[in-house]
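Chemist: Give me the fold of what follows.
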Amino acid sequence: QLQLVESGGGLVQPGGSLRLSCAASGSPLDYYVIGWFRQAPGKEREGISCISRSGGNTDYADSVKGRFTISRDTAKNTVYLQMNSLKPEDTAVYYCGARTARILSTYYCPGDGMDYWGKGTLVTVSS
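Modeler: Predicted coordinates for the structure are as follows:
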């Protein structure tokens, strides 16, 4: 059974950076497409980034494109989300999700189709 644990959240000033980690246990992350999602207070969950099993294909929501970078480290069984130029509207609980995929290059991360979820880490962007 795959287990995911997010970390790296915290309080940061506008314009600052954070790196979130999604650490896996119970199974190699290689078998899964991984997505990052976030949910702000009073808002619906938003998919913000997705990475293929191979790591060679990624996708980003328009709201974070050019500021966030997703990556994966097979040796550490961890996926990262580097967040730069943070804005107050990035404030949310950030979750990672995993979806079993046979194809190495697929990078489809539907919010209602992920097989496993972490419990989230809070990111607050405020001065």
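Chemist: Return the residues in contact with the most centrally placed residue in the chain.
Modeler: Nearest to the geometric centre of the chain sits residue 36, at 2.4 Å (Cα atoms, centre = their mean). Residues near residue 36 by Cβ atoms under 8 Å, 6 or more residues apart in numbering: 20, 22, 47-50, 68, 70, 79, 81, 94-97. Where C-beta positions appear, they are placed from N, C-alpha and C, glycine not excepted.
Chemist: let's see 7 Å
Modeler: The contact partners of residue 36, taken as Cβ atoms under 7 Å, 6 or more residues apart in numbering, are 48, 49, 70, 81, 94, 96.
Chemist: For residue 15, see how far away residue 127 is.
Modeler: Distance of residue 127 to residue 15, given as Cβ to Cβ, to the nearest Å: 9 Å.
Chemist: of these two, who's got more company?
Modeler: Neighbour count, other Cβ atoms under 10 Å: between residue 127 and residue 15, residue 15 has more, with 11 against 8.
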